[in-house]
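Q: need coordinates for the below:
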Amino acid sequence: MSISQRARNTAPSPTLGITAKINALRAQGVDVVGFGAGEPDFDTPDHIKQAAIEALNAGYTKYTPSSGAVDLKDAIIAKLARDNGLNYQRENIIVSAGAKHSLYNVMQALLDPGDEVLIPVPYWVTYPEQVRLAEGKSVFVQTAPEDDFMPTADAVLEAITPRTKALILNSPSNPTGGVASRKTVEALAELAVRHDFYLISDEIYEKLLYDGRKHVSPGALSDAVFQRTITINGCSKAYSMTGWRIGYAAAADKELVAAMGRLQDQSTSNPTSIAQKAAVAALNGPEEPVEAMRQAFEERRDLIVEKLNAIPCVTCRAPGGAFYAFPNIGQVLGRRAGERVIQGSDDLADYLLTEFHVGVVPGSGFGADDYIRLSYATSRENILKGLERIDAGIRKLE
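A: You can find the predicted model right below:
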């Protein structure tokens with residue numbers, strides 16, 4: 001007996017992999033500074049936890065509708081109208097077990113074998129794997145640091161073919177922290193309308209923006225764009241609810257949403273009932289905890305970027321959103337420590353972890369081998385200690 005080709009062809013997540021290695025070393029008593037985890041280090045706000053406790057005590061522990069409870073759909077509708085200028089009805093919304101699950105449902109419902117999805121590089125590691133699982137084809141669109149790692153209309157236009165089904169736009173971005181300007185979003189949206197493909201807008205980091213930047217939801221630009229936009233979001237990042245697993249998709253195309261619902265009916269059924277009640281409290285509740293986290297992340301961003309740029313052969317742009325620094329380590333490649341040669345980002349990440357006990361995520365998994373990703377969703381003390389170790393590791397290379 002053997003496992004399926006589908007399973008054999010699916011790559012493991014490098015971000016989860018580095019976190020597992022860090023945890024394994026810590027279990028052995030090693031003092032490891034980890035910059036791998038893509039989750040806020042703050043606790044879930046108290047009013048959200050209290051809503052879950054009240055739901056549990058009230059016996060809200062049974063099935064809900066597979067696509068999400070009515071009160072949560074209504075909270076999502078209110079949030080999208082209030083924050084994003086998007087007007088949906090309940091039949092336009094599906095709630096899933098995290099935004100990753102929402103994206104998986106989109107790919108499974110949208111793609112036929114050979115359909116193409118345009119994915120800007122660097123990309124979140126999961127996008128190409130989910131396209132592959134749906135038997136689609138990823139078409140990679142290169143970006144540049146000077147464009148904040150956002151795709152230009154010219155680059156996207158060059159990649160469009162008759163098989164193009166969708167473009168993924170992740171702003172703010174994982175792994176770069178790049179933020180799409182209104183001008184960029186408008187240009188990409190115009191292409192989606194002109195060439196009749198979907199714009200999958202992954203907005204999971206929308207509330208974590210710095211330097212006065214503003215988030216632009218493509219679907220709010222015009223009715224024509226609204227009809228072609230699939231908005232993905234969730235509670236994980238903004239409300240520090242990664243483990244609660246609540247994400248959602250919203251689309252004007254009710255047939256697409258219904259198809260996603262059928263897939264969910266036959267796979268996971270409903271997201272956890274208690275977590276849905278917590279999500280209602282998150283979306284309808286006060287935003288002060290979100291702003292406090294955002295301010296803390298902005299301060300940490302300034303610190304980590306300053307320290308990274310002080311390391312020889314390392315350069316790092318200040319990210320405009322999310323909580324990731326994405327330094328360029330191209331000048332480090334080819335250097336060595338003894339018999340160890342740093343030939344790529346995987347080698348550098350392994351070297352830093354095994355020799356200096358600091359965990360970073362190699363850029364290879366994001367399609368950018370000249371980079372590494374560091375999450376600054378950790379304390380100031382850890383940032384200083386970890387960057388000191390990285391600095392020592394880089395300086396040791398010859």
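Q: where does this protein dip in pLDDT?
A: Residues of the chain meeting the criterion pLDDT under 70: 1.
Q: which non-adjacent residue is nearest residue 172?
A: In space, and not counting its chain neighbours, residue 172 is closest to residue 321: 2.7 Å by Cβ to Cβ, 6 or more residues apart in numbering. In short, each C-beta sits where N, CA and C put it, glycine included.
Q: compute the number of surrounding residues for the one you found.
A: 28 (other Cβ atoms under 10 Å).
Q: now do the contacts for it.
A: Going by Cβ atoms under 8 Å, 6 or more residues apart in numbering, residue 321 touches 171, 172, 173, 177, 178, 179, 205, 208, 209, 210, 213.
Q: and residue 310, by the same measure?
A: If you count contacts by Cβ under 8 Å, 6+ apart, residue 310 has them with residue 391.
Q: mind checking what secondary structure residue 95 has?
A: strand (DSSP: H, G, I helix; E, B strand; the rest coil).
Q: nearest spatial neighbour of it, skipping sequence neighbours?
A: The shortest distance from residue 95 to any non-neighbouring residue, by Cβ to Cβ, 6+ apart, is to residue 68 (2.9 Å).
Q: coming back round to it: which of the contacts of residue 321 are buried? Put it as a PyMOL command.
A: Applied in PyMOL, the following selects the buried portion of the contacts of residue 321 according to 16 or more other Cβ atoms under 10 Å:
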select buried, resi 171+172+173+177+178+179+205+208+209+210
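Q: Throw the contacts of residue 321 into JSON lines and include secondary structure and distance to residue 146, thanks.
A: Putting these into JSON lines (DSSP: H, G, I helix; E, B strand; the rest coil; distance: Cβ to Cβ, whole Å) gives the following:
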{"residue": "171", "secondary structure": "coil", "distance to residue 146": "16"}
{"residue": "172", "secondary structure": "coil", "distance to residue 146": "17"}
{"residue": "173", "secondary structure": "coil", "distance to residue 146": "15"}
{"residue": "177", "secondary structure": "coil", "distance to residue 146": "15"}
{"residue": "178", "secondary structure": "coil", "distance to residue 146": "11"}
{"residue": "179", "secondary structure": "coil", "distance to residue 146": "14"}
{"residue": "205", "secondary structure": "coil", "distance to residue 146": "21"}
{"residue": "208", "secondary structure": "coil", "distance to residue 146": "22"}
{"residue": "209", "secondary structure": "strand", "distance to residue 146": "20"}
{"residue": "210", "secondary structure": "coil", "distance to residue 146": "18"}
{"residue": "213", "secondary structure": "coil", "distance to residue 146": "17"}
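Q: in stretch 136-145, which residues are buried?
A: Buried residues in stretch 136-145, counted by 16+ other Cβ under 10 Å: 136, 137, 138, 139, 140, 141, 143.
Q: tell me which element the fourth one is part of?
A: Which is residue 139. Taking DSSP states H and E as the criterion, residue 139 maps to strand 137-142.
Q: need the residues that contact that strand.
A: Strand 137-142 is contacted from outside by 114-121, 123, 127-128, 131-132, 151, 155-156, 159, 161, 163-164, 367, using Cβ under 8 Å, 6+ apart.
Q: and the next helix or strand past that strand?
A: Strand 137-142 is succeeded, C-terminally, by helix 153-159 (DSSP H and E).
Q: so which bits of that next one are buried?
A: Going by neighbour count (16+ other Cβ under 10 Å), the buried part of helix 153-159 is 155, 156, 159.
Q: packing partners for that helix?
A: Where contact means 3 or more Cβ pairs under 8 Å, 6 or more residues apart in numbering; DSSP states H and E, helix 153-159 is packed against strand 137-142, helix 182-195.
Q: nearest to residue 48, out of the ones you listed?
A: Ranking the helices and strands packed on helix 153-159 by proximity to residue 48 (Cβ to Cβ) places helix 182-195 first, at 30.1 Å.
Q: helix or strand next in line after the closest one, which one?
A: The helix or strand immediately downstream of helix 182-195 is strand 198-202, counting by DSSP H and E.
Q: re the thing from before, got the helices and strands packed on helix 153-159 as JSON lines, with distance to residue 240 columns?
A: Formatted as JSON lines, those follow (distance: least, Cβ to Cβ, whole Å):
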{"stretch": "strand 137-142", "distance to residue 240": "31"}
{"stretch": "helix 182-195", "distance to residue 240": "27"}
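Q: need the three-state assignment for residue 268.
A: coil.
Q: go ahead and confirm it touches residue 100.
A: No: using Cβ atoms under 8 Å, residue 268 is not in contact with residue 100; the gap is 11.9 Å.
Q: mind checking how far residue 284 is from residue 337?
A: 53 Å (Cβ to Cβ, to the nearest Å).
Q: run the chain-centre distance for stretch 196-211.
A: Offset of stretch 196-211 from its chain centre (Cα atoms, centre = their mean, to the nearest Å): 9 Å.
Q: same question for stretch 134-148.
A: 15 Å.
Q: end-to-end on that stretch?
A: For stretch 134-148, the separation between the terminal residues is 29 Å (Cα to Cα, to the nearest Å).
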